[in-house]
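Enquirer: Dropping a prediction and its sequence here:
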Amino acid sequence: MKYLIALLLSLFSIHAFGWGFFAHKKINQYAVFLLPPEMMILFKPQIDFITEHAIDPDKRRYAVPDEGPRHYIDIDHYGVYPYDSLPRKWNDAVAKYSEDSLKQYGIVPWWVQTMLYKLTDAFKEKNQTKILRYAAELGHYIADAHVPLHASSNHNGQFTDQKGIHGFWESRIPELLADTQWDFFIGKAEHIKNPGAFIWSRVLESAAAADSVLKLEKELSLQFPSDQKYAFEDRNGITIRQYASAYSKKFDEMLSGMVERRMRQSIFAVASFWYTAWMNAGQPSLTHLSNQEFSAEELKEFENLNNAWKAGKQAGREHEMP
Ligand SMILES: [Zn+2]
């Protein structure tokens, strides 16, 4: 039985990186509704693209070695909160630690800013396909920066005998509660004057929350009858072994709404970064844009990305990644 369970787990555990695929898509989708009408004119008809391609950066992790570090930062590598020894500016950080070393421990707060510049340039060029791609992908990295375990070297509880906690927080809980229990009425996107400071403060919040996430799950697992921690339950029509609903709800309660709060903050941040890029580009009219159709090469690229992802999934390589 033990072997069977292990086999089922490895076959069906959908280990995503950063918010699970479900939450990443929701975050991009909901963010569209925070935009002003001048942007909605482009984003609303393209909402399916923005939603679906929210997960491209995770798919790319199988194919592109440089991709991984863009999704997280093991900030505890740099001492203790608030990690003042780590320069917030990329060039200063490179001068102090070298680019290789920074990449080894993750670069998400800097990569969000790189993507913001790319999106801003795409708005200046009024290039529709670039705007959509960069917006969808920027949304992904911003959302990842909001996940506490993306700002901790103990990202999957591997140092504290809590393996699986990563997907528990970011996939299992949102999938169980987001559609039925949570509120995503969030208001309007705002212009962010200092995007660097903004994303760093979100990363520091994540880092500060990581300890609670790990500590509370440990506490709960010690209190909870161990044979009721996991259950065979339905997931998208397939019966799989996963964290039991009762266990998941209890964990969510102990976190006092943290997952919902981080998801809401992600949505606000994503919409506000899109809005900021558009404002900083001089508020170009989005009614007549160039490059409205994806080229044959771009479509091929999307297809290759999907294939590489599926092949990687089949090979079970996802389990080796943070
Ligand atoms: Zn990610």
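Expert: Happy to help now that I have it. Numbers count the residues shown, from 1 in each chain.
Enquirer: mind checking how far whatever residue of the stretch 101-250 of the chain ends up closest to the ion is from Arg70?
Expert: Closest to the ion within the stretch 101-250 of the chain is Asp144: 4.4 Å, counting by Cβ to the ion. (Glycine included, C-beta is placed from N, CA and C.) Distance check for Asp144 against Arg70: by Cβ to Cβ, to the nearest Å, it reads 8 Å.
Enquirer: In this model Phe184 seems to touch Tyr30, though I could be wrong.
Expert: Yes - between Tyr30 and Phe184 there is a contact at 5.1 Å, judged by Cβ atoms under 8 Å.
Enquirer: who touches both of those two?
Expert: By Cβ atoms under 8 Å, 6 or more residues apart in numbering, Tyr30 and Phe184 have these common neighbours: Ile267.
Enquirer: Who has more neighbours out of these two?
Expert: In this view Tyr30 and Phe184 are compared by other Cβ atoms under 10 Å, and Tyr30 has more residues nearby, 22 against 17.
Enquirer: Report whether the helix or strand containing the more buried one contacts the ion.
Expert: Here Tyr30 sits within helix 21-32, counting by DSSP states H and E. No - Helix 21-32 does not reach the ion (Cβ under 5 Å from the ion); its nearest approach is 7.3 Å.
Enquirer: helices and strands around that helix, which ones?
Expert: Helix 21-32 makes packing contacts with helix 47-52, helix 128-145, helix 173-181, helix 258-280 when contacts are defined by 3 or more Cβ pairs under 8 Å, 6 or more residues apart in numbering; DSSP states H and E.
Enquirer: And these, which one averages the lowest pLDDT?
Expert: The weakest mean pLDDT among the helices and strands packed on helix 21-32 belongs to helix 173-181, with a mean of 94.
Enquirer: C-terminal to that helix, what's the next element?
Expert: helix 195-223.
Enquirer: just how off-centre is the very next helix or strand once past that next one within its chain?
Expert: Sequence-wise, the next helix or strand downstream of helix 195-223 (DSSP H and E) is strand 230-235. Averaging C-alpha positions (Cα atoms, centre = their mean, to the nearest Å) puts strand 230-235 24 Å from its chain's average.
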